[in-house]
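In: Got a predicted model here, sequence first, then my questions.
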Amino acid sequence: MQSPKRIIEKYLVTCARLSNRVAQEELVTRYQKKFLGHAYRLLGDAEQARDAVQEGWIDILRGIRKLKDDGAFQAWAFRIITRKCSKHIAGSQKDRVIHQSILDEPGPDHVAGDEIERAADRQPLKEALAKLPPEHRAAVALFYLEEMSVAEVAVALEIPAGTVKSRLMNARKKLRSALEGEDHG
């Protein structure tokens, strides 16, 4: 049984495919923040992320008529955004270090009361995530933060499902090792 969220999304995609402007705008509203977060995780630069997402939306809205399965919209659209990010990366330094947006979140000094303890608990995780290779961070973010299935992550990143599983497993091992090292160091 599909969730109401997926049913509404399929309806919006169907309407958007028929050039319904309101449905297209609603899809942009629903996904803009997610796409920006994904692009920023891959590019490490807010301006480049905005550019990649804007270029991605042009391709998404132009190509939505060709989408055969309305239920595949999310993975298909993330794949387009990922490709745009890849082009931005290729256009800039090939070996540049990709920053993690998690490190840019407000630290304990910006948080009040009980949030101080929670922020302190999250800091080692943020640092461990930032040390993951970009391809592992992307898989982790799509799987855990965007709640995509392994198959959807595979489509979004244009890699086999087995590679997604491998990246997630390796990322979990690295995170566990980094976090346990914090406790014993």
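Out: Everything's here; your move. Numbers count the residues shown, from 1 in each chain.

In: okay, CA-based contacts and neighbour counts for the rest of this
Out: Fine.

In: Could you tell me which ranges of this structure sit under the pLDDT cut-off?
Out: 90-121, 182-185 (pLDDT under 70).

In: what domains does the record give for this structure?
Out: 1-99, 100-185 (automatic domain parsing).

In: Reformat the ones you listed as CSV; add mean neighbour count.
Out: As requested, those are arranged in CSV below (neighbours: other CA atoms under 10 Å):
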stretch, mean neighbour count
domain 1-99, 17
domain 100-185, 16
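
In: For stretch 10-25, C-alpha coordinates in CSV please.
Out: The C-alpha trace of stretch 10-25 is given here as CSV (Å, rounded to 0.1, in the frame of the first residue of the first chain):
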residue,chain,number,x,y,z
LYS,A,10,2.1,10.6,-8.4
TYR,A,11,-1.0,12.8,-9.0
LEU,A,12,1.1,15.9,-9.2
VAL,A,13,3.6,14.3,-11.6
THR,A,14,0.7,13.2,-13.8
CYS,A,15,-0.7,16.7,-13.8
ALA,A,16,2.7,18.2,-14.4
ARG,A,17,3.2,15.9,-17.4
LEU,A,18,0.1,17.4,-18.8
SER,A,19,1.7,20.9,-18.5
ASN,A,20,-0.4,21.9,-15.4
ARG,A,21,1.5,24.9,-14.1
VAL,A,22,0.1,24.6,-10.5
ALA,A,23,1.3,21.0,-10.3
GLN,A,24,4.7,21.9,-11.6
GLU,A,25,5.0,24.7,-9.0
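
In: Now do that stretch: distance to the chain's middle.
Out: Mean-position distance between stretch 10-25 and its chain equals 23 Å (CA atoms, centre = their mean, to the nearest Å).

In: who's in contact with residue 10?
Out: Residues in contact with residue 10, defined by CA atoms under 8 Å, 6 or more residues apart in numbering, are 70-71, 73.

In: just the helices in this structure please.
Out: Counting by DSSP state H, the chain has these helices, from start to end: 4-17, 21-43, 46-63, 73-91, 115-130, 134-140, 150-157, 161-184.

In: Name the residue closest to the centre of this protein, please.
Out: In the chain, the residue lying closest to the centroid (CA atoms, centre = their mean) is residue 38, at 3.1 Å.

In: That one and residue 137 touch, don't they?
Out: No: using CA atoms under 8 Å, residue 38 is not in contact with residue 137; the gap is 9.8 Å.

In: re earlier: just put the contacts of residue 10 in JSON lines and tack on distance to residue 14.
Out: Putting the contacts of residue 10 into JSON lines (distance: CA to CA, whole Å) gives the following:
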{"residue": "70", "distance to residue 14": "6"}
{"residue": "71", "distance to residue 14": "10"}
{"residue": "73", "distance to residue 14": "10"}
